[in-house]
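**Student:** any chance you can model this:
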Amino acid sequence: MFTLEKMGIPTVGITAKHFLADYRSTALSTGLPELPVALAEEAYSSISDKEVQEDVDSMIDEIISALTTPVEAGVEQLEMPITTPGGPSPLTGETTRFTAENYDKLYDKFNATFLEYGWGDGFMLTPPTRPRVDEMMKGTSHPADEVVVKHFEPAKGEATVEKIAIAAVMAGCKPEYLPVVLAAIEALSDPAFDLIQVSMSTGAHTPFLFVNGPIRDEIGINYKAGPLGPGSRNHVNATIGRAVRLVMMNIGGCYLGIKDMDVLGTSNKFGMLIGENEEANPWEPYHVEIGYDPKTSVISALGMDSQNETALASVEPEVLLYYYATVMCDFGGGALACAHFFDADTLILMNPDHAKTVAESGWSKNDVRGFLFKTCGVTEHELTAGGRADIMPAYLETWQALGRQAGEKLPCVKSSERIKIIVAGAGPLKGSNISGIGRLVTKEIDKWK
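**Tutor:** Okay, here's the model as predicted:
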């Protein structure tokens, strides 16, 4: 719409009332604050085709009027409304100062104000004072004003090294963690990652991050037992993940109810970061598999739609992998849709015991991918039961295009190449599948040191 309007071609958006703040905020950040809009009572994805037609018919005069009224395009605005009316934007470049009679009251005032403005993630933040930010900047050789991402989506904020360092301070990071945060933000900005979809969807989407290379041990990233959970072992994992979320909010404008339209939410949004357990990997570590030197430290990012866990003792490979295949296809959720509409990747977090059993039986990663691709999916009956093929006709169209026969399945990914495998965690039984939205993107960390 924005591109067409700037070309002089009239458009009008139709949006549900619930999404009006999102619509206006997005129009502002693209330089069209007066972009016409017609308001619907409900999101059209939630009602029948007949109801959609009736609703559009009722608004036809309003739509025609909007299409025939000129709209003046402005310049891109790097400020957006935030969660509290009247609160300033964190993108203005101005320094916010606090005064109080003692440090405790000052600390409380800072946190209360950041909560009021919507700049925090709900937990207590470390005040990003000038000395703390300067100390954080010692974690990188790059200058404070260097631009990491010129227009960080969806609000198009300019992500400089210093602004990212401020988020890292607030999240509780140490200076040596900063290169990982900088590389993560670079990864999220890659078009293949699909940051807009991850940030603005009604689904509980979030970046899933994992690290390979020497920096895992250098800074203490947990890649063994429970790396996605709480606890002192996961301080590095948690604070880096949290810093990434704060950048998404205060530079990307990913504020709940403004651009983040998540219906239910998830605690995963506070941050998800692990290391690959390379030492327990019977195959090549992921970064070596895709061409990096083993001594190069990298971070990989996938927009996560959902996570499903499998639990099984180490038995023959076909049985183990069958269980992994069964959790790949979240038909009632968004995993299948993401795979076939966005050609998304899916990430298998394979338990070290499972990986060892499979590899010792002579299976390569390609063998595993091929088996999972053939085994995962939904049948024609599941595609058509309850009218689901009418709701999502692309599923059945893809099933037919692949030449699937009765009893065969529509796979949960478009090709076996979309299945990525890492070895994660420690201990028996548990493995997991991370269903993606876009593609798995990898960036070097070392260059940000």
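**Student:** show me what contacts residue 212?
**Tutor:** Residues counted as contacts of residue 212 (C-beta atoms under 8 Å, 6 or more residues apart in numbering) are 275-276, 278, 285-288, 292, 297-300. No exception for glycine: its C-beta is placed from N, CA and C like everyone else's.
**Student:** can you tell me how far residue 9 is from residue 70?
**Tutor:** Distance from residue 9 to residue 70, counting by C-beta to C-beta, to the nearest Å: 12 Å.
**Student:** my bad, residue 249
**Tutor:** Applying C-beta to C-beta to residue 249 and residue 70 gives a distance of 35 Å.
**Student:** between the contacts of residue 212, which sits nearest residue 151?
**Tutor:** Proximity of those to residue 151, judged by C-beta to C-beta, is greatest for residue 299, which lies at 21.1 Å.
**Student:** looking at the closest one now. What's its pLDDT?
**Tutor:** pLDDT recorded at residue 299 is 98.
**Student:** what's around residue 53, how many residues?
**Tutor:** Counted with other C-beta atoms under 10 Å, the neighbours of residue 53 add up to 10.
**Student:** what helix or strand does it sit in?
**Tutor:** Assigned by DSSP states H and E, residue 53 belongs to helix 49-58.
**Student:** show me which residues of that helix are buried.
**Tutor:** Of the residues in helix 49-58, 52, 55 count as buried by neighbour count, 16 or more other C-beta atoms under 10 Å.
**Student:** tell me the average confidence for it?
**Tutor:** 83.
**Student:** next one: it to chain centre, how far?
**Tutor:** Here helix 49-58 is found 33 Å from its chain centre; the criterion is C-alpha atoms, centre = their mean, to the nearest Å.
**Student:** can you list the residues that contact that helix?
**Tutor:** By C-beta under 8 Å, 6+ apart, helix 49-58 touches 14, 40-42, 44, 47, 63.
**Student:** rewinding a little: so which of the contacts of residue 212 is surrounded by the most neighbours?
**Tutor:** Most neighbours among the contacts of residue 212, by other C-beta under 10 Å: residue 299, with 31 neighbours.
**Student:** am I right that that one sits in a strand?
**Tutor:** Yes: applying DSSP: H, G, I helix; E, B strand; the rest coil, one finds residue 299 inside a strand.
**Student:** list the contacts of it.
**Tutor:** Contact partners of residue 299, counting by C-beta under 8 Å, 6+ apart, are 180, 183-184, 187, 209-212, 442-443, 445.
**Student:** now it: how far from residue 271?
**Tutor:** Using C-beta to C-beta, residue 299 is found at 13 Å from residue 271.
**Student:** residue 113 now?
**Tutor:** Distance of residue 113 to residue 271, computed by C-beta to C-beta: 23 Å.
**Student:** and for residue 432?
**Tutor:** 17 Å.
**Student:** more neighbours: those two, which one.
**Tutor:** Set residue 432 next to residue 271 and count neighbours by other C-beta under 10 Å: residue 271 wins out with 24 against 19.
**Student:** hmm, the more buried one is touching residue 234, no?
**Tutor:** No: the criterion here is C-beta atoms under 8 Å, and residue 271 misses it with residue 234 at 10.0 Å.
**Student:** how is the protein partitioned into domains?
**Tutor:** In terms of domains, the chain is parsed into 2-67, 79-304+439-449 (source: automatic domain parsing).
**Student:** could these be laid out in JSON lines, adding distance to residue 327?
**Tutor:** Below are the domains of the chain laid out as JSON lines (distance: least, C-beta to C-beta, whole Å):
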{"stretch": "domain 2-67", "distance to residue 327": "26"}
{"stretch": "domain 79-304+439-449", "distance to residue 327": "14"}
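**Student:** for the ones you listed, which one sits closest to residue 381?
**Tutor:** Once those are compared by C-beta to C-beta, domain 2-67 is nearest, at 23.5 Å.
**Student:** quick one: pLDDT of the residue in the chain sticking out farthest from the centre?
**Tutor:** The C-alpha centroid of the chain is most remote from residue 101, which lies 41.1 Å away (C-alpha atoms, centre = their mean). Residue 101 is assigned a pLDDT of 91 by the prediction.
**Student:** again, but for residue 367
**Tutor:** 97.
**Student:** most neighbours of all the contacts of helix 49-58, which one?
**Tutor:** Greatest neighbour count in the contacts of helix 49-58, by other C-beta under 10 Å, goes to residue 40: 20 neighbours.
**Student:** list the contacts for the closest residue to that residue other than its chain neighbours?
**Tutor:** Of all residues not flanking residue 40 in the chain, residue 16 sits nearest, at 5.1 Å (C-beta to C-beta, 6 or more residues apart in numbering). Residues counted as contacts of residue 16 (C-beta under 8 Å, 6+ apart) are 39-44.
**Student:** OK, contacts around residue 11?
**Tutor:** 1, 4-5, 35-36, 67.
**Student:** just to be sure, it is in a strand?
**Tutor:** No: counting by three-state DSSP, residue 11 is not found in a strand; it is coil.
**Student:** look up how far residue 40 lies from it.
**Tutor:** 16 Å.
**Student:** cool, and residue 380?
**Tutor:** From residue 380 to residue 40 the distance is 34 Å (C-beta to C-beta).
**Student:** show me where the stretch 1-150 of the chain has helices.
**Tutor:** When secondary structure is read from DSSP state H, counting those that start in this stretch, the stretch 1-150 of the chain shows helices at 2-6, 20-29, 49-58, 60-67, 103-117, 130-137.
**Student:** wait, which of these is closest to residue 245?
**Tutor:** helix 103-117 (13.9 Å).
**Student:** other SSEs contacting the closest one?
**Tutor:** For helix 103-117, there is no helix or strand it packs on, judged by 3 or more C-beta pairs under 8 Å, 6 or more residues apart in numbering; DSSP states H and E.
**Student:** in it, which residues are buried?
**Tutor:** In helix 103-117, counting by 16+ other C-beta under 10 Å, buried: 107, 110-111, 114-115, 117.
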